[in-house]
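Q: Build me a structure from this.
(chains A and B)
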Amino acid sequence: GDSVTQKEGLVTLTEGLPVMLNCTYQTIYSNAFLFWYVHYLNESPRLLLKSSTDNKRTEHQGFHATLHKSSSSFHLQKSSAQLSDSALYYCALSGNTGYQNFYFGKGTSLTVIP
Amino acid sequence: GGIITQTPKFLIGQEGQKLTLKCQQNFNHDTMYWYRQDSGKGLRLIYYSITENDLQKGDLSEGYDASREKKSSFSLTVTSAQKNEMAVFLCASSQTTSAETLYFGSGTRLTVL
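A: From the prediction side, this is the model:
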C-alpha cells in the first residue's frame, strides 16, 4: 500500500546552517502528489509545499523541495535555518484516487538553536 | 478564506466514558477528516467523509464513531475512553479533487484520567 517514510524523528540545527529533512514514499499511483505540512506550536498544521511535475523544484517561504520519481523522494531543504523554523514537519502523499486520501509520515521535529 | 473550528480545545474524561469532539468548517469543502496525532507516530487517519452522511473508516477507526449530518460539520466520538490516554485530535477538510490542500483545525487535546 501507499506509505511515507521520514527517517529523522528529531533534528537539531544551529541557526544559519542548511536544513534537509528526508522524505521517501511508496505508491501505486503514477500521478501521486507529495506535500510538506508544517505544525508550529500552538497553531494549526498548514501546507508548506506541494509537489509539481517530476524533477521540478517548488519553493515557498525559503523552503524548497523537488519531486524525484526515480528515487521516490521529496526532501525538504532550506539554505539557512532560522530560529522561527523550529516546528514539526510532516511529509504527506496523496494518490490520484478521485477523492482525497492522504498518507502522512511520522513527522520530523526540527529545533533550531542560536 | 475559511476556518475550521474544533470544540472543545481541551477535553478531560474518565476511563470508560463516551466523549464527543466537534468540528465545523466554512470552506464549503466536500471532504472532512479526523486525524489522531501522537508523538513519534505522525498523523493517523481515524475517519473521513466525502460528503454529507458519508463515513469511511481510516486505519485507526476501532474505538471511534463519527457522524457527518451536515456538509459543514463532522463529529468524532470516543466510544470508551482508555485510562491514561493522551492525544491530540485534528480535524481537516479539503475539496474532493486530486492534489487539493488539506486545511486543519487547531486540535482537541484529550486527557483521560
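
Q: what's the helix or strand of chain A with the lowest mean pLDDT packed up against?
A: The weakest-scoring helix or strand in chain A, judged by mean pLDDT, DSSP states H and E, is strand A:102-104 (a mean of 88). Where contact means 3 or more Cβ pairs under 8 Å, 6 or more residues apart in numbering or on different chains; DSSP states H and E, strand A:102-104 is packed against strand A:3-5, strand A:87-94, strand B:42-49. Bear in mind the C-beta positions are built from the backbone N, C-alpha and C, glycine included.

Q: out of those, deepest packed?
A: strand A:87-94 (a mean of 24; mean count of other Cβ atoms under 10 Å in any protein chain shown).

Q: Strand partners (parallel or antiparallel) of that one?
A: strand A:33-39 (antiparallel), strand A:102-104 (antiparallel), strand A:108-113 (antiparallel) (DSSP bridges).

Q: how about the residues of chain B near chain A?
A: Counting by Cβ under 8 Å from any Cβ of the partner chain, chain B comes close to chain A at B:4, B:31, B:33, B:35, B:40-45, B:48, B:50, B:90, B:94-107.

Q: what residue lies at the spatial centre of chain B?
A: Nearest to the mean C-alpha position of chain B, counting by Cα atoms, centre = their mean, stands residue B:34 at 2.8 Å.

Q: how much space between residue A:32 and chain B?
A: Per Cβ to the nearest Cβ, to the nearest Å, residue A:32 is found 9 Å from chain B.

Q: Count the residues that sit near that residue.
A: 23 (other Cβ atoms under 10 Å in any protein chain shown).

Q: My read is that it contacts residue A:93, right?
A: Yes: under the criterion of Cβ atoms under 8 Å, residue A:32 makes contact with residue A:93 at 5.7 Å.

Q: shared neighbours of these two, which are they?
A: A:2, A:25 (Cβ atoms under 8 Å, 6 or more residues apart in numbering or on different chains).

Q: Got the confidence number for residue B:98?
A: pLDDT, residue B:98: 57.

Q: returning to what we had before: want to throw the strands paired with strand A:87-94 into a markdown table with distance to residue B:80 and mean neighbour count?
A: Output for these, formatted as a markdown table (distance: least, Cβ to Cβ, whole Å; neighbours: other Cβ atoms under 10 Å in any protein chain shown):
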| stretch | distance to residue B:80 | mean neighbour count |
| --- | --- | --- |
| strand A:33-39 | 28 | 23 |
| strand A:102-104 | 26 | 22 |
| strand A:108-113 | 31 | 17 |
